[in-house]
Every structure is written in structure tokens, then in C-alpha cells.
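Q: Here is a sequence with its predicted model. Questions after.
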Amino acid sequence: MFLFAALLILIALWDWNWFKGPVERAVQAKTGREFHIHGDLDVDLGRVTTVRGDGLTFANATWAKQPQMATADRVEIDLRVWPLLRGQVRIPEIRLTRPDLLLETAPEKSQPGNWDFLGPSDGDPPVLQRLLVDDGRLQFRDAAGRTDVLVSLDSGKPRDKDSGPPLLVKGKGRWQGNPFSLEGNTESPLELTNTGHPFRIHLDGRAGDTHAIASGTLTNPFQLRVFDLELMLSGQDMEDLYPLIGVAMPSTPPYKLKGQLKRDNAIWRYENFTGTAGDSDLGGTAQIDVSGDRPFLKADLVSKRLDFDDLAGFIGAPPKTGAGESANAEQKAQAAALAARAKVLPDTPYNLSKLRAMDADVRWKAQRINSPVLPLDDMDAHLKLNDGLLRLEPLNFGVAGGDIRSTIRMDARKQAISTQLQATIRKVQLGRLFPDATLAEQASGGISGDINLTGHGNSVAAMLGSSDGAVALGIGRGHVGNLIMELAGLDVAESVKFLFTGDKQIPLRCAWGDFAVDNGVMQSRSLAFDTTDTLILGEGKVDLKQEQLDLLLRPRPKDMSILALRSPLRIGGTFKDPSFRPDFKALGIRGAIALALGSIAPPAALLATIETGPGEDSNCGGRYAK
């Protein structure tokens with residue numbers, strides 16, 4: 001009887017707060033961090049015992065500026081008693097009220113993050129079945145990575161009685177220095193421990209103009225990492241991905257992609273994606289390996305229809321911005337600034353740090369190309385980037401029934417990029433180069449040639465403006481419309497005749513241009529255009545640095561023609577505003593002779609314009625004759 005009475009008195013006077021000190025010291029001994037229960041500690045005994053604590057704080061790492069790593073207004077832990085007697089920890093449920101957790105990386109890379117404090121575990125890990133969060137907050141900081149994200153967490157309603165409650169997620173901050181926001185939901189994080197159960201997520205994130213939506217399931221996440229996860233990625237410019245994921249991309253028009261994202265340890269794969277970039281379609285598979293010193297991008301891309309101006313970002317130029325074209329606001333401003341410049345070659349410098357920050361092996365094929373300037377048919381490009389050395393081997397285009405095959409080598413391992421270009425042009429059909437159908441019918445012949453240039457500089461303009469090498473182009477046998485020839489030679493009578501009574505075709509024997517290139521200046525070594533009607537000889541130079549033209553074409557007709565105001569034709573001006581004008585001095589002399597003869601007899605005035613065609617057939621032997 002006395003023992004029973006004593007037990008009743010003990011229960012009546014018992015205060016679980018007596019155990020606060022021992023619990024705090026036990027946690028500190030295990031973690032090396034201070035732990036305090038500032039409120040009450042209470043226990044509800046039973047087969048499932050509930051331990052409840054109010055006002056909990058857990059200290060941060062010694063190197064951290066903020067003293068507390070975690071706080072909570074209340075923590076309730078349900079424990080199964082009988083497994084405890086066998087040394088097993090079974091936790092049916094944990095309930096957190098206003099938890100506040102800070103995760104941050106250490107200032108020194110050699111130090112672990114503040115979440116690494118338990119060390120190796122002894123025995124079996126605890127088994128937790130349910131986690132409920134009420135008005136929680138999670139913050140992640142990475143000062144070196146310029147990342148600070150704050151996320152609110154709340155438990156939602158479970159899908160069924162056997163599943164854990166999902167987590168509702170909403171937050172914002174900065175990721176790699178860029179404004180970042182995130183919202184969505186995931187299943188209970190406890191499901192991650194069940195490797196046979198699909199873990200459902202739906203997350204919607206934004207960083208600046210970049211928008212990503214991840215939706216689907218993760219199966220066996222600790223082995224396959226990511227499986228069956230659909231990722232929709234969109235933005236104003238793929239260049240914006242560099243500060244977010246460390247993969248350097250060229251500037252692009254607005255894009256939108258959709259595919260499957262998978263991860264196998266250090267390798268991320270974006271499989272079978274489809275979408276658009278600007279006015280081009282884009283599909284394929286890309287993967288990023290982050291296990292090495294630099295990220296390694298490997299991709300196999302295909303475009304069924306490629307809009308050629310969408311490639312402008314590769315040379316530092318904006319895409320077209322006219323009606324029906326896709327471009328973002330920054331690219332439209334860049335295009336407007338470029339249009340206001342006196343020069344046309346892109347002078348936007350390449351970012352050396354980006355070229356050195358990653359490696360790549362990318363193959364890109366386009367089945368059809370839309371280009372308002374050149375009749376391009378298709379494209380086959382293979383880009384390799386290794387430690388600042390970029391190679392395009394090959395960069396091939398189908399053009400007007402022929403092709404342009406080239407290789408480009410850009411060495412960005414020094415302050416000024418060293419560039420080598422080798423290109424061969426074969427069987428490009430002259431007639432197909434004219435966008436106008438009438439003019440296209442008046443020309444035929446295959447264009448071939450070779451381009452070999454080396455230069456240095458960090459923009460396309462600088463590379464070409466400093467280039468050395470040679471450029472040689474030629475046209476084999478074919479024909480040109482007499483109208484084109486007569487207009488080029490300013491033969492007034494013949495031009496009017498063929499404009500109104502029809503045109504005849506003139507056999508083209510050959511044409512060629514051979515230029516030596518020295519420090520950005522193309523100097524003609526041989527320049528001629530030979531038909532059965534006219535021989536045109538040329539000379540002059542093209543200044544790639546100043547973007548100036550200075551060419552003189554001397555027509556030497558082979559037929560008799562009256563009113564043939566033929567004189568040398570001078571091509572001058574700039575790349576942006578070229579000029580075509582006759583040699584007025586020669587025209588003036590002819591005009592004076594005509595006027596003098598006209599004072600004697602009007603018909604005699606025509607004698608000054610009569611040419612007997614002293615030009616001779618040029619030697620069309622050599623590589624371009626056939």
C-alpha cells in the first residue's frame with residue numbers, strides 16, 4: 001500500500017523537464033554542437049510514446065556567422081517502445097512547428113558544409129515513416145557561388161492513408177548571382193528512403209529570364225539519381241544558362257525545349273528533347289559530365305528547318321529582328337546599334353573565360369536551311385572544345401547545288417585568339433545564287449575556290465582585319481545573259497534592246513579572282529571575266545580591317561556596238577554602302593570627241609562610241625576551266 005501511494009505521489013510530482021540537461025548534453029556529445037530546449041520537455045507514455053519539446057535551438061558550425069543552424073517552436077517525435085528494447089529506433093511520425101533550418105557551405109572548399117556534423121553512424125539508422133511540417137523555412141547559402149535561396153515549407157494532404165504528406169515548396173533568392181524563384185510540391189522526403197517507390201515532384205523555377213519546370217517521378221533516386229523526369233526549359237537566350245549551370249552556350253534568340261532529364265552520378269542527360277530556338281526547330285540529346293576539372297558537354301543535335309540568322313550568336317552578331325523574326329529585347333537593341341554603325345563585320349568580343357571554362361563535343365546537322373542571303377541547302381557541323389582550343393571539323397554547308405566545306409581552329413588559350421580558316425567551295429551553281437527568277441535564268445556555271453586565312457583577335461572583325469593568306473574563286477564554263485553583261489559595261493543601246501526585246505545567252509568561257517591577303521588587305525593578283533562577247537579585266541584591293549572596296553573593272557568588248565559608253569567601272573565605298581560608278585574621266589574624253597564630231601555632221605557623232613572589240617579571248621586553262 002505504501003509503495004502504491006509513493007508511486008502515485010511520484011507521478012503527480014514528476015516533471016520531465018528534469019531531463020532537459022541530460023538530453024542537451026547527450027546531443028552535444030554526439031554532434032559537437034550546443035543544443036538547448038528553452039521551453040518545456042514533455043513525454044506521453046504508451047506503446048507509441050510521444051516526446052515533445054518547445055523552443056529548440058541547435059548551434060551552427062564554428063566558422064559560420066549566424067550562431068544558430070536550426071530552431072523550432074515545437075518538435076514532437078512519436079517512438080515505438082518495444083523496438084527500442086531491441087536497440088531499434090522506429091519513428092512513426094515527426095511533427096515540426098515553425099522550423100527554421102539554415103544550410104550553408106564553408107568558406108574553405110576543404111571544409112564540409114554545416115550539415116555535416118554526425119560522423120559515421122553506429123548500428124541501424126532510425127526508420128522514419130511520416131514527417132509533418134507546419135510553417136517551415138529552409139535557407140541555403142553558398143557565398144562562393146553567390147547563391148542565397150530562402151524556401152518556405154508546409155506539409156500538404158497525403159494522396160492516401162499509406163503515403164506520407166507532400167511538401168509544398170515556395171521560395172526565392174539568388175542562384176549564382178541571378179534572381180531565383182521556386183514553387184511547387186514534392187512527395188514527403190521520407191519516400192526517398194523507399195527505393196522501390198516512385199518519388200513524385202513538380203517544381204517550377206525561374207532565374208532571371210530562364211524558366212524550368214520539372215515534373216514526373218524519381219525512381220531509385222540514390223542509385224539512378226534521376227529517372228522519368230520531364231523537364232521543360234525556356235528563356236530569352238541560352239547564353240543565360242552559363243552562370244546557372246556552368247555550361248557556356250552562344251547567344252540565341254528566345255528558346256523553348258522539352259525532354260527527359262536523367263542523372264547517373266556525375267553525368268546529367270537531357271534525352272530526346274524537342275523545341276525551338278528562334279525560328280529554328282531543335283532536337284536531340286545532350287549530356288554534361290561534371291566529374292572532371294571542367295564540365296564536358298556532349299551533344300547530338302538535329303534541326304529539320306534551321307533559320308540561318310539564328311546562328312548569328314556564334315560570330316557575335318544578333319539575329320534578324322524584322323517582322324516575323326524571333327529576337328529578345330537585348331538582341332533587338334544590339335541589332336539597332338549594329339545598323340547604326342558604319343561597319344558590318346561583328347566586333348563583339350568572344351568571352352575568353354567561357355571558352356576556357358568547359359569542354360565540348362557537339363554534332364549538329366540541319367536538313368534544310370532558310371536564308372534570305374544565300375541559297376543554303378543543309379549543314380553538318382562538328383564542334384570540339386578542349387581547354388580553350390575550339391575546332392569546327394567540319395563546318396559544311398550545301399549551297400546552290402554545291403557545297404562549302406571548311407574547318408576552323410580557334411585557340412583561346414592566350415589573350416588574343418589565334419584563328420585558322422580553311423575552306424573549299426565546289427560546284428556552287430551561279431544561277432541559283434540569284435534570288436530573282438529572271439536573273440537566275442540568265443546565268444549558269446559552277447563556282448569553285450579555296451580560302452586559307454589565319455588571323456588573331458577576339459572578334460570576327462579583328463580576326464579578318466588581321467588575317468593573312470589567300471582567297472581564290474573561279475567559275476567554269478556556263479553562260480550569262482547579255483543583259484547582265486551589257487548593263488555591267490554600260491552599253492546603252494544593247495541594254496535598252498535586251499530590256500525590251502528579250503535577252504540572249506552569252507557563253508561564259510571562265511571567270512576568276514585570285515587575291516593575296518596580308519594584314520587584312522586582299523590585293524588582287526589576277527581578276528578576269530571572259531565571255532564570247534566581253535572580256536573584263538580587274539585589279540584592286542579589299543580592305544577587311546577598314547571594310548573598304550577599291551576595285552577597277554576594265555571591259556574590253558569583242559563586238560561592234562554603237563552608243564557603247566564603255567569605260568572602266570570602279571567599285572568603291574564600304575561593305576555597308578558600296579558604290580559602282582564609271583570612270584568619269586574616260587567618259588568625259590569620249591563625250592568631248594562626240595560633241596566635236598557632232599558639229600560636223602550628226603551621224604558622225606556616233607563614231608566616237610563605236611568600238612571594234614579589241615579584246616582577245618583569255619586563257620581559260622587551269623583548274624576552273626572545266
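A: On my side now, so go ahead.
Q: Look up the pLDDT of R363 for me, please.
A: We have a pLDDT of 95 for R363.
Q: before we move on, what about D122?
A: With respect to pLDDT, D122 scores 62.
Q: D503 too?
A: 61.
Q: I figured D533 was touching I506, is that so?
A: Yes - if you go by Cβ atoms under 8 Å, D533 and I506 touch, sitting 4.7 Å apart. Placement of C-beta: from N, CA and C, glycine included.
Q: Neighbour count for the two, which is higher?
A: D533 (23 against 20; other Cβ atoms under 10 Å).
Q: separation between the more buried one and P507?
A: Distance of D533 to P507, computed by Cβ to Cβ, to the nearest Å: 9 Å.
Q: do A64 as well
A: 85 Å.
Q: which intervals of the stretch 351-500 of the chain have sub-threshold pLDDT?
A: 434-440, 482-500 (pLDDT under 70).
Q: ok, and the closest non-adjacent residue to I425?
A: G449 (4.4 Å; Cβ to Cβ, 6 or more residues apart in numbering).
Q: contacting residues around D148?
A: 139-142, 173-174 (Cβ atoms under 8 Å, 6 or more residues apart in numbering).
Q: ok, back up a step: what's the neighbour count on the residue nearest to I425?
A: When neighbours are defined as other Cβ under 10 Å, G449 has 20 of them.
Q: May I have the secondary structure class of it?
A: Judged by DSSP: H, G, I helix; E, B strand; the rest coil, the three-state class of G449 is strand.
Q: dump the residue contacts of it.
A: For G449, counting by Cβ under 8 Å, 6+ apart, the contacting residues are 424-425, 471-474.
Q: if we go to 10 Å?
A: Applying Cβ atoms under 10 Å, 6 or more residues apart in numbering, we find G449 in contact with 404, 423-426, 428, 471-475, 512-514, 623-624.
Q: Just the ones in strands from those residues, please.
A: 404, 423-426, 428, 471-475, 512-514 (DSSP state E).
Q: For the buried ones among those residues, write the corresponding ChimeraX selection.
A: Written as a ChimeraX command, the selection of buried residues from the ones in strands among the contacts of G449, which uses 16 or more other Cβ atoms under 10 Å, is:
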select :404,423,425,428,471,472,473,474,475,512,513,514
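Q: quick revisit: now the residue nearest to I425, which residues is it bridged with?
A: Beta bridges link G449 to I425, L473 when assigned by DSSP bridges.
Q: buried stuff in stretch 377-395?
A: 377-379, 381-383, 385, 388-392, 395.
Q: er, stretch 28-46 I mean
A: Buried residues in stretch 28-46, counted by 16+ other Cβ under 10 Å: 33, 35-37, 41.
Q: pLDDT value on E547, please?
A: 93.
Q: And for it, nearest residue in space, chain neighbours not counted?
A: Once flanking residues are discounted, E547 sits nearest to F575: 4.3 Å by Cβ to Cβ, 6+ apart.
Q: Let me see the contact set for that neighbour.
A: 342-345, 542-544, 546-549.
Q: what's the closest of those residues to L167?
A: Using Cβ to Cβ, L345 comes nearest to L167 of the contacts of F575, at 53.8 Å.
Q: Show me which of the buried residues of stretch 28-46 is closest to K298.
A: Among the buried residues of stretch 28-46, and counting by Cβ to Cβ, the member closest to K298 is R33, at 43.2 Å.
Q: looking at the chain, which helix or strand does the model trust least?
A: Each helix and strand of the chain was given a mean pLDDT (mean pLDDT, DSSP states H and E); the minimum falls on helix 221-224 at a mean of 43.
Q: who does the next helix or strand after it touch, helix- and strand-wise?
A: Next in sequence after helix 221-224, counting helices and strands by DSSP states H and E, comes strand 226-235. Packing contacts for strand 226-235, counted by 3 or more Cβ pairs under 10 Å, 6 or more residues apart in numbering; DSSP states H and E, involve strand 199-207, strand 210-218, strand 255-264, strand 267-277.
Q: Reformat those strands as JSON lines; add mean neighbour count and mean pLDDT.
A: As requested, the helices and strands packed on strand 226-235 are exported to JSON lines (neighbours: other Cβ atoms under 10 Å; pLDDT from 0 to 100):
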{"stretch": "strand 199-207", "mean neighbour count": "18", "mean pLDDT": "85"}
{"stretch": "strand 210-218", "mean neighbour count": "18", "mean pLDDT": "85"}
{"stretch": "strand 255-264", "mean neighbour count": "18", "mean pLDDT": "89"}
{"stretch": "strand 267-277", "mean neighbour count": "17", "mean pLDDT": "92"}
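Q: Nearest residue to T252 in space, please, no chain neighbours.
A: Distances taken as Cβ to Cβ, 6+ apart place M238 nearest to T252, at 4.4 Å, with adjacent residues excluded.
Q: Please report the number of neighbouring residues for the one you found.
A: 22.
Q: Help me confirm that it comes into contact with A286.
A: No - with contact defined as Cβ atoms under 10 Å, M238 does not count as touching A286 (11.3 Å).
Q: tell me, what's touching the two both at once?
A: In contact with both M238 and A286: 247, 257, using Cβ under 10 Å, 6+ apart.
Q: didn't L385 look like it was pressed against V362?
A: Yes - between L385 and V362 there is a contact at 8.3 Å, judged by Cβ under 10 Å.
Q: Return every residue with contacts to both of these two.
A: Joint contacts of L385 and V362 (Cβ under 10 Å, 6+ apart) are 297, 392.
Q: what residues does the host helix or strand of R25 touch?
A: Assignment of secondary structure by DSSP H and E places R25 within helix 20-31. Residues from elsewhere that reach helix 20-31 (Cβ under 10 Å, 6+ apart): 16, 19, 33-41, 51, 53, 56, 58-59, 69, 117-119.
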